[in-house]
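In: Coordinates for the following, if possible.
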Amino acid sequence: MFLLKTAGLFVATALAEIVGCFLPYLWLRKDGSVWLLLPAAASLALFVWLLSLHPAASGRVYAAYGGVYITTALVWLRLVDGVKLSVLDWTGAGITLLGMSIIVMGWGHKT
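Out: From the prediction side, this is the model:
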């Protein structure tokens, strides 16, 4: 259950980061309104706050988060940008999620 809660929090964190970066992209590259920067800033602030909710040292959180971020970014690529993902995309996502799981399962274990 801990792993699922952590993964869910990471997905929310990744979405906040992606939205916070996607909105300025729309402004800079797609002739979006400059007003997109306000929700972008709020989304990035939410991203930072969500990262701070994890009980592990920041380096471990960032390392584990990377796997979920990669997978979430690929799903965003498919759903928002409409790009078909390859078997290698999905394989890479699976490998990064496995890495995230291994890191998270080690939180709290002393070496």
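
In: And the helices in this structure?
Out: 2-29, 37-51, 58-79, 87-105 (DSSP state H).

In: Enumerate every residue touching the most centrally placed residue in the chain.
Out: In the chain, the residue lying closest to the centroid (C-alpha atoms, centre = their mean) is Ala14, at 2.2 Å. Counting by C-beta atoms under 8 Å, 6 or more residues apart in numbering, Ala14 makes contact with 65, 68-69, 72-73. (Glycine included, C-beta is placed from N, CA and C.)

In: which stretches of this structure aren't confidently modelled?
Out: Residues of the chain that meet the criterion pLDDT under 70 lie in 110-111.

In: Report the contact partners of Tyr69.
Out: Tyr69 sits in contact with 10, 13-14, 17, where contact means C-beta under 8 Å, 6+ apart.

In: So Leu88 versus Leu74, what's the distance?
Out: Separation of Leu88 from Leu74 (C-beta to C-beta, to the nearest Å): 11 Å.

In: More neighbours: which of those two?
Out: Leu74 (18 against 8; other C-beta atoms under 10 Å).

In: pretty sure that one is in contact with Asp89, am I right?
Out: Yes: judged on C-beta atoms under 8 Å, Leu74 makes contact with Asp89 at a distance of 5.5 Å.

In: Return the members of the contacts of Tyr69 classed as buried.
Out: Among those, those buried by neighbour count (16 or more other C-beta atoms under 10 Å) are 10, 13-14, 17.

In: Can you report how many residues lie near Ala73?
Out: Ala73: 16 surrounding residues under other C-beta under 10 Å.

In: Please name the residues that touch it.
Out: Ala73 neighbours (C-beta under 8 Å, 6+ apart): 14, 18.
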